[in-house]
Structure formats: C-alpha cells, structure tokens
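A.B. asks: sequence unknown, structure follows:
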C-alpha cells in the first residue's frame, strides 16, 4: 500500500488516516472519508434498508408516487403481503408526464386534453434529478431506467429582465455576456485596491500575490495591469472561422458596468449553483413517469387503481382502510400495518382514527401553489436560429418564473418548451386564467424573447398543482414552528399507521425526499414487525 | 385554410388581445374593480363564487373571519397564512382594499368596505419570504 510521511518523517498509511477519522467522527465520518478516498462507500441514505423475513404479514400501502412505490417494492421483496391502493387510474403521483391524450380536470377548471404529437411530453411535476439524489439513481439503475443529462445552466442562453432600468433595461442579453462582464469588472476593481495596498491587512505571507492571480484568472484580466477589456467567453460579434473571412472573427465589447448594474441581470449569477441545482443534473429518458413504470415492471400485480381512500380505522389487532373503487363500489381492506403516502393536503380530508395530536400535525403543514405549462413547438428555433441547446431563459415576470428548453431530442424537428413555472401568488394568478388564457400568456412571454415563438407554438398542456384532485398542492411547506411542533409527531406511527413521503423529509418537493422517507419509515415498520 | 393555420392565427390573436388587455390594465393602473381583482388573484383557489374547497381552500362566502376585523383580513393578504401566499408584491394597498371590499359584500356576505388607509395600517408584519429570493428556478 502506498505510504505518505508525516511531518516528522514517520510513515502514514491510508489505514491510519481512516482509523483516526473513525476515532474522531465515528462511522459517518469514516464512511465519508472512505467515500472520498474512492472506496465507493456511499452515505447511509444511498440504499434501502436491508430487510427480509416479512413472513407474509400484511401491509397496505396508500399511494403510488415514488414513496408508495418504494415502500411497496421493498416490503414485498422482504416477504410482506402487500396491497397498494391508488386513487387514480395511473401510478406515479406527481411523477407524471403529460402526453398526447392525457386528460386533467383541475378543481374549478375546464377539462383539458393534451394535444401534443406522439412522442412529445412535458414532465408536469418533478423534472430534474440532482447528482446526490442517490435513492432515485439507485432505483433507476436497478430497474434499468436510463437517464440523460438535463442542461441546467447554459452560458449562451438569454436573460430578459423587463424590470431592469438604464440603457440595458428590458434588453435581451446573453448570460455569458453578463457573467464575463460582471466578474471582469468586480475582479478589476478589487485587484486595483489590492495592488494599491488598500487590503494588505487581509493577507498572510504570500497570499496577496496568490489572490491577485485568482482575480486575474477569474475575471480574465490583462496580464500586466489587471484590466478587464472583455473576454472571448462573453461571445464574439463574429465567430472565428476559416480563411480571412470570417478568419479571426470580431470581438464584442463589454457593456458599461453601470448599465449592467441597473439592468439587474447580474441576479442570475452565483459563484456556485445551490446544491440541488448543480451540474450534473439528470432526467429519465422518455419522461418522469419512466421510474414509476420501472417499479411496476419489477413488482407483482399488487396495485389496485381507482381506489379512493375515505376512512382509516384501527383496532388493537389490525388497521382497516375503507375505499370507493372505480365502479363506485365501497369496500375495505385490512392489514397488520399501513404505510400511507397520501399528501397531507389530502390526508387531512380523510376520516382517520388517530390521536388528536397526530390529526393536528397533519393539518399543520401548508402546500405550495405551483403551475407549469408545456408548449410544443413545431420547429426548434431556439437551437437552429439562436444556438441555445437546453437550459433556461431567465425572466423576471413571476407569473412565468422560467422558460426552459428541452434537454432531449437535440436537433429534432419539434420540441416541448416549459413555458412557465410560477409559484405562490403568481401561481394563483396564472391558474385563475382559463386554459386558453394561460397558453396565450405563456406564448406572449416567449414571443418577447424569440420572434419565432408564437408562429411555432402548437399543442400545450398546463397544470396548477394546488387545484389537482388527490394532490391539492405541489409539495409540503414546513415553517420552523411546524418542524418543531408537528414534524416529529408525524415521523412516528400512530398505532399501525405509518406516514411516508416528501413531506417527511428535508427534501420537500423532490422525489428523493419521498424515497428516503419511505426507506426510513419501512425500516421502522420492519423492526417492529420482526419484534412482534 | 388548414385547421393548424387557423389555430395559429387564433392563438396569435388571443395572445395579442390578452397582451393588449394586460397592457391596458397596467396603463389604467388601479382601475380594475374588486370583482375582477378577485377573479384574477383569488378565484383559482377560493373558487369563482367564493365557495372554496373543503379542507384545502377556505370558503369566503359566509366566512366570519373575512367579514370581521378588516385590519386582520388585510394582514393575511399582505403576509400570507398557511398555504395562502402573500400578495404584498402583487397588489397595491388600494387593490387589496378593493378586492376585500368586494369579498365582504359578495355571495351574501355583509361587512363594511375596506379602505387603502386600513390596509396601510395592517402593514408591519413580515411577508413570508418568497420561496426563492433569486430568479433561478428551484425544484
């Protein structure tokens, strides 16, 4: 084994390092250290709990979002006798892709039929998988659900900030221009101060020169005098090419700093993306519903569709779930335990035989207002004419939120654009519009950026999750008080009833929250069932 | 004319008319009446006749809180409550006054109007932080 040496010359092996890590930080730090050293050991939340010996004990799982599917799959694999009730006529819950013929009627809304072409789809709920969402990737790999890159940041994309002021106010600029110029000016300004000695007190020995090197590198400053005069990466006026024309091309000039500042476009820049927005991001090939389909391919036929839960009662020996099925027939199913992944926004309307404390906790969480629209375009003008491949168009109209371009079907004839993705009050406003008004609003917003937008818009599909039956919201929104007061209550079972879902995680709104919550809750259930 | 071309023409004209209407609305500033403001901002959740959705969105028709202390109701619109988002960034005090006045006298409700001055006195809470302070999409 290769050895390093300590400062005193003694040998220092990888094993010694790991042992010391374990001594300091216990198993978690040891495992992190091993993972960092390439031993391939993931964190504890990367794999389902090891369970076996279910011995045919009966479990009802409610809901077939990823939390319900995870629970059902793992419990069934461990030998439990699992029955799954799903309210809808499809599995997947919010992991839902709208395609040609998909029907949706929001509460208080018109019936909508998606009019995309065959093969086009929009992920109407979750749409992106961060690289550290290991539960999701575990099942994608296990069930052979291929994933592809989702382009979550595109240098060449546009910013359209209509609320900006000054000469650039309301002008459409490329993100690369703003990034190069802002960082160029900021580092130039700082380098000037550093070189004048104004910040000498900040630096230890040798650090000032290193800091200047960093500033020059970061901002593309000139070598001798640390000036920002532009950068190739801001995009040339004319791209270099062959011969003399275009030959070397033609550089573009930076925007004046004051113009950039007033435009507000710098609000799109961060040093690093937030963790759950970082590259590499994935999406499953063919739509977000592919992972639920993967679960279903690998499970026995234990799912009963169109079974709407109305009541759950408990007695010392069992838990009983009462439902109405697709034919309008009422029935019930009994079991030893129940794993309920119904969103709390819906669960609070179900007749539950639980403690008052549990019931209060279920009612103590609000759910997000959120909407999306997919617009099928008959030509990929954003690729062919604007050379933007995936990524987001940054807008400051909260009723739009973002315009996002597909990361699949590159160079194809058609493509589906995410035309809006508003939250909160903005989502309330968009969702008050009729389907036709929503589409028109989205088209008008895109038309401001792409002159080809309206001409190429074909089919559409919009959704407002706060108005969707069986969801009544996009995801759980915990307040600090709620986390302290209600969250711990819901993590524990009430009698034989276990809850699971993104609402019982710190990854609310992500499928990973549902998957990891399911793992934790079924592990608790299994431990108890084994002891019983 | 092929159906698709008609579809585009309709879509474009709807887009232009909606854009036009929005621009006109913005140009008129605060001129939208309470009923219109309700339809645009509130009806998605509280439903067209204020009937709400049981256990999801409270009914406003016959609602005691809505017909009670106007400052308290204005506070909810400014700051949000539970699942209800804050409308502080979206509606002026005058618009909040108009929509509340409408709600307090619609569908059998009988409560005094709300003025912009009352709404101004309800300021002082901290609007629940918009979920994401930056413009970048999340989730």
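C.D. replies: Noted; the coordinates are in hand. All figures in this text were calculated on a predicted structure; none of them were measured in a lab.

A.B. asks: What separation do you get for the closest residue to residue A:65 other than its chain neighbours and residue A:465?
C.D. replies: Computed as CB to CB, 6 or more residues apart in numbering or on different chains, the closest residue to residue A:65 that is not its neighbour in sequence is residue A:93, at 2.7 Å. No exception for glycine: its C-beta is placed from N, CA and C like everyone else's. Note on residue A:93: its distance to residue A:465, by CB to CB, to the nearest Å, is 11 Å.

A.B. asks: Which one of these two is surrounded by more residues?
C.D. replies: Set residue A:93 next to residue A:465 and count neighbours by other CB atoms under 10 Å in any protein chain shown: residue A:93 wins out with 29 against 25.

A.B. asks: who touches the residue in the stretch 201-350 of chain A positioned nearest to chain B in this structure?
C.D. replies: Residue nearest to chain B within the stretch 201-350 of chain A: residue A:349 (4.1 Å; CB to the nearest CB). Residues in contact with residue A:349, defined by CB atoms under 8 Å, 6 or more residues apart in numbering or on different chains, are B:54-56.

A.B. asks: Return the per-residue confidence for it.
C.D. replies: Residue A:349 is assigned a pLDDT of 93 by the prediction.

A.B. asks: and it, backbone torsions?
C.D. replies: Dihedral pair for residue A:349: phi -100, psi 0, per degrees, to the nearest 10.

A.B. asks: Could you do residue A:47 as well?
C.D. replies: Main-chain torsions, residue A:47, degrees, to the nearest 10: phi -140, psi 150.

A.B. asks: Isn't it up against residue A:141?
C.D. replies: No: using CB atoms under 8 Å as the test, residue A:47 is too far from residue A:141 to be in contact (11.2 Å).

A.B. asks: ok, and the closest non-adjacent residue to residue A:299?
C.D. replies: Per CB to CB, 6+ apart, closest to residue A:299 is residue A:73, 5.4 Å.

A.B. asks: how many neighbours does the one you found have?
C.D. replies: 26.

A.B. asks: tell me the contacts of it?
C.D. replies: With CB under 8 Å, 6+ apart, residue A:73 has these contacts: A:295, A:298-299.

A.B. asks: Narrow those residues to just the buried residues.
C.D. replies: Among these, those scoring as buried are A:295, A:299 (criterion: 16 or more other CB atoms under 10 Å in any protein chain shown).

A.B. asks: Just the closest residue of the stretch 251-400 of chain A to chain B, please.
C.D. replies: Closest to chain B within the stretch 251-400 of chain A is residue A:366: 3.4 Å, counting by CB to the nearest CB.

A.B. asks: Now the phi/psi pair for the residue lying closest to that residue once chain neighbours are set aside, please.
C.D. replies: Leaving aside its sequence neighbours, residue A:366 sits nearest to residue B:83 (CB to CB, 6+ apart; 3.4 Å). Main-chain dihedrals, residue B:83, degrees, to the nearest 10: phi -80, psi -10.

A.B. asks: what's around residue B:83, how many residues?
C.D. replies: For residue B:83, using other CB under 10 Å, the count is 20.

A.B. asks: Just the contacts of residue A:73: which are in strands?
C.D. replies: In strands, judged by DSSP state E, none of the contacts of residue A:73 are found.

A.B. asks: hang on, the earlier thing: joint contacts of residue A:93 and residue A:465?
C.D. replies: The contact sets of residue A:93 and residue A:465 overlap at A:125, A:471 (CB under 8 Å, 6+ apart).
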